[in-house]
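1. Take this sequence and fold it.
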Amino acid sequence: ISKGPGNSKSAKSTVVSPGSPVYLDLVYIPNHSNSKNVDVEFFKRVRSSYYVVSGNDSAAEEPSRAVLDSLLEGKAQWESNMQVTLIPTHDSEVMREWYQETHEKQQDLNIMVLASSSTVVMQDESFPACKIEL
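-> Numbering: from 1, shown residues only. Alright, predicted model coming up:
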């Protein structure tokens with residue numbers, strides 16, 4: 001096989017062995033933070049400085065208390081105590097209760113929860129917002 005000018009591109013891929021953690025700056029917790037797809041293993045493997053927690057549907061259990069508890073349990077197993085910031089997209093009863101009931105453990109694990117009361121107003125539209133500096 002000859003490599004001509006058109007074939008000189010090399011694809012770079014990162015291979016992650018099973019069980020190895022992946023480090024990211026920002027992670028959106030999938031499926032509206034529903035516990036069907038996110039558990040302790042997710043947080044043991046997907047390590048991030050920032051996690052966005054979406055969900056504002058208590059009937060669908062979103063965000064899930066089990067997911068929030070999984071973050072605490074997974075983070076407790078990290079080798080380092082790097083700071084993690086949790087960014088809720090909505091103010092929910094589940095989030096408020098979890099925050100109050102686990103606040104001491106959050107502090108021990110270096111987890112900070114941002115308030116979800118910031119709002120951006122543009123023209124005739126307003127929406128919740130958060131500034132993230134990476």
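2. Okay, buried residues for the longest helix along the chain please.
-> The longest helix of the chain (DSSP state H) is helix 65-75. Applying a neighbour-count criterion of 16 or more other CB atoms under 10 Å, one finds Arg65, Val67, Leu68, Asp69, Ser70, Leu71, Leu72, Gly74, Lys75 buried in helix 65-75. Where you see a C-beta, it was placed from the backbone N, CA and C, and this is true even at glycine.
3. What residues does the fifth one make contact with?
-> Same thing as Ser70. Contact analysis of Ser70 by CB atoms under 8 Å, 6 or more residues apart in numbering lists Ser35, Val38, Asp39, Val40, Phe42, Phe43.
4. can you redo these as TSV with distance to Ser54 and neighbour count?
-> Shown next, in TSV, are those (distance: CB to CB, whole Å; neighbours: other CB atoms under 10 Å):
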residue	distance to Ser54	neighbour count
Ser35	14	17
Val38	11	24
Asp39	17	16
Val40	19	18
Phe42	15	16
Phe43	16	25
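5. got those residues as CSV, with distance to Asn81 columns?
-> CSV is the format used below for the contacts of Ser70 (distance: CB to CB, whole Å):
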residue, distance to Asn81
Ser35, 25
Val38, 22
Asp39, 22
Val40, 18
Phe42, 19
Phe43, 14
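6. Tell me which entries of these lie within strands.
-> Using DSSP state E, no member of these falls within strands.
7. pLDDT score assigned to the residue nearest to Pro30 when sequence neighbours are not counted?
-> In this structure, Pro30 finds its nearest non-sequential neighbour in Asn37, 5.5 Å apart by CB to CB, 6 or more residues apart in numbering. pLDDT, Asn37: 75.
8. could you measure Asn37 against Leu68, distance?
-> Separation of Asn37 from Leu68 (CB to CB, to the nearest Å): 14 Å.
9. ok, now Lys105?
-> 11 Å.
10. got it, and Ser49?
-> Distance from Ser49 to Leu68, by CB to CB: 17 Å.
11. Could you do Ile29 as well?
-> 9 Å.
12. what do the two both touch?
-> Contacts common to Ile29 and Leu68, judged by CB under 8 Å, 6+ apart, are Val53.
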